[in-house]
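In: Next one to model:
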Amino acid sequence: MKATLHDVARLAAVSIKTVSNVIHNHPNVTEITRAKVLVAIETLSYSANLSARSLRTGRTNIISLVIPQLRNSYFTELADAMIISAEKYGLAVLIEQTSGDRDKELTILKNATRKFTDGVIYHPEGLSQGDAELTNVDYPLVLIGENIFNGPKDHVTMKNSEAAQAATQYLLSLGHTRIALIGAHKNEASGTARLRLRGYRSAIEAAGIKYDEDLIGYTTPWFRSNGSDVMNELLNRNKDFSAVFALNDLLAFGAMRALQEKGISIPGEISVMGFDNVDEDAYSLPSMTSMEPGKKEIAEMCVKTLVERISMGDDTQMPGREIEVGFQIVKRESTARKM
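Out: Coordinates of the predicted model:
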């Protein structure tokens with residue numbers, strides 16, 4: 001027969017409450033007691049009956065994180081930060097990937113598996129601002145990303161325009177007046193690329209420099225291969241520039257590869273700056289200067305906000321909140337003062 005909580009408690013010679021505390025990783029359990037309970041769980045091959053617990057408490061202690069793609073380093077690191085933050089509340093994280101497909105995003109919003117989770121942190125990429133009301137679901141949900149603002153649900157986001165403006169101002173402060181940008185999206189009405197392009201343009205024009213469309217590289221999605229391709233395209237235009245601002249780090253890595261293949265020195269001839277500050281930045285050659293958009297703070301605020309909504313039963317009478325986190329430039333070897 002399948003082992004029960006009572007069986008574990010009897011074998012470990014502790015109370016059922018103590019076993020529950022160990023399972024939920026509560027801090028007020030001594031290491032000796034925790035070890036005894038874990039040995040008993042292993043011996044009996046005990047596993048918690050989540051369905052039964054859900055019926056008793058109305059909670060599963062599982063939340064869902066819905067993101068476009070895990071192959072993007074930013075989302076991988078964000079997911080890691082979410083898991084760490086959720087553990088502090090005794091929550092496990094179920095990760096779902098949409099590949100930015102609109103139909104899949106809509107299906108997940110309505111998916112019956114929602115009954116197995118207490119709430120959802122949701123990053124839409126196929127949906128846009130016009131779809132805001134579709135997120136008005138009857139379970140706790142927190143939005144992230146830049147496709148939907150001021151909707152019916154809480155939204156945690158980074159300061160994209162301000163951060164991109166600060167990144168461009170940093171390159172300007174190094175004496176670069178011809179700064180190429182890669183990663184813009186053509187005819188984008190809303191979204192991350194549009195916001196970052198806006199910040200770049202604001203900094204350029206505030207410095208009294210005319211915005212030059214020939215210095216803008218359009219590409220999607222934001223992967224290394226696209227960064228390399230658009231960098232080669234910009235070089236083929238024979239336009240003079242001494243710095244490149246990539247709208248994410250993967251694009252920047254691709255751009256660096258293209259420049260190095262042509263024997264162009266970084267940062268001696270061209271400085272390169274990315275956005276996201278992924279772990280790989282510190283180990284590229286040269287190491288990458290990047291904009292840190294507050295990944296850990298985003299994760300912490302998302303989980304904290306979702307837990308609040310779960311606790312209050314996701315009171316739909318309370319309007320959605322817009323929550324922004326800070327940013328900072330992480331300076332490394334790929335940028336230098338213009339010679």
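
In: Find me the pLDDT at G126, would you?
Out: At G126, the model reports a pLDDT of 90.

In: Can you report phi and psi for the nearest residue to it once chain neighbours are set aside?
Out: Distances taken as Cβ to Cβ, 6 or more residues apart in numbering place R102 nearest to G126, at 3.1 Å, with adjacent residues excluded. Where C-beta positions appear, they are placed from N, C-alpha and C, glycine not excepted. Main-chain torsions, R102, degrees, to the nearest 10: phi -60, psi -50.

In: what's around R102, how many residues?
Out: Look at R102: counted by other Cβ atoms under 10 Å, it has 14 neighbours.

In: hey, where'd the helices end up in this protein?
Out: 5-12, 16-23, 31-44, 50-57, 73-87, 102-110, 160-173, 192-206, 224-236, 249-261, 295-311 (DSSP state H).

In: Return the most buried member of these.
Out: helix 249-261 (a mean of 23; mean count of other Cβ atoms under 10 Å).

In: what mean pLDDT would you report for it?
Out: pLDDT averaged over helix 249-261 gives 98.

In: so which of the helices of the chain comes closest to R332?
Out: helix 249-261 (11.2 Å; Cβ to Cβ).

In: chain center to that closest one, what's the gap?
Out: Centre-to-centre, helix 249-261 and its host chain are 22 Å apart (Cα atoms, centre = their mean, to the nearest Å).

In: Quick one: low-confidence residue ranges for the protein.
Out: 1, 24-25, 47-58, 112-115, 313-317 (pLDDT under 70).

In: Could you list the domains of it?
Out: 5-48, 59-157+295-326, 160-293 (automatic domain parsing).

In: wait, which of these is closest to T335?
Out: When the domains of the chain are compared (using Cβ to Cβ), the closest one is domain 160-293, at 4.1 Å.

In: just how off-centre is the closest one within its chain?
Out: 20 Å.

In: one step back: could I get the helices of the chain as JSON lines with distance to K186?
Out: Output for those, formatted as JSON lines (distance: least, Cβ to Cβ, whole Å):
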{"stretch": "helix 5-12", "distance to K186": "58"}
{"stretch": "helix 16-23", "distance to K186": "52"}
{"stretch": "helix 31-44", "distance to K186": "56"}
{"stretch": "helix 50-57", "distance to K186": "46"}
{"stretch": "helix 73-87", "distance to K186": "22"}
{"stretch": "helix 102-110", "distance to K186": "18"}
{"stretch": "helix 160-173", "distance to K186": "18"}
{"stretch": "helix 192-206", "distance to K186": "9"}
{"stretch": "helix 224-236", "distance to K186": "12"}
{"stretch": "helix 249-261", "distance to K186": "16"}
{"stretch": "helix 295-311", "distance to K186": "27"}
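
In: Select, out of the ones you listed, the one closest to D214.
Out: That would be helix 224-236 among the helices of the chain, by Cβ to Cβ, at 8.5 Å.

In: by contact count, what packs against that closest one?
Out: strand 179-184, strand 216-218, strand 243-246, helix 249-261 (3 or more Cβ pairs under 8 Å, 6 or more residues apart in numbering; DSSP states H and E).

In: closest one to R59 among those?
Out: Nearest of those to R59, taken as Cβ to Cβ: helix 249-261 at 37.3 Å.

In: tilt between the closest one and strand 179-184?
Out: Angle between the axes of helix 249-261 and strand 179-184 is 130 degrees (criterion: axes from the mean of the first three to the mean of the last three Cα atoms, to 10 degrees).

In: quick revisit: so for Y139, which of the helices and strands packed on helix 224-236 sits nearest?
Out: Ranked by Cβ to Cβ, the member of the helices and strands packed on helix 224-236 that lies closest to Y139 is helix 249-261, at 32.7 Å.

In: tell me how far the ends of stretch 118-135 are from each other?
Out: Using Cα to Cα, to the nearest Å, the end-to-end distance of stretch 118-135 comes to 16 Å.

In: just to revisit the earlier point, export the domains of the chain to JSON lines and tack on distance to E333?
Out: Shown next, in JSON lines, are the domains of the chain (distance: least, Cβ to Cβ, whole Å):
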{"stretch": "domain 5-48", "distance to E333": "41"}
{"stretch": "domain 59-157+295-326", "distance to E333": "19"}
{"stretch": "domain 160-293", "distance to E333": "4"}
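
In: Between those, which one is closest to A336.
Out: domain 160-293 (3.9 Å).

In: and the helices and strands packed on helix 224-236 as CSV, adding distance to F75?
Out: Below are those laid out as CSV (distance: least, Cβ to Cβ, whole Å):
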stretch, distance to F75
strand 179-184, 16
strand 216-218, 22
strand 243-246, 17
helix 249-261, 11
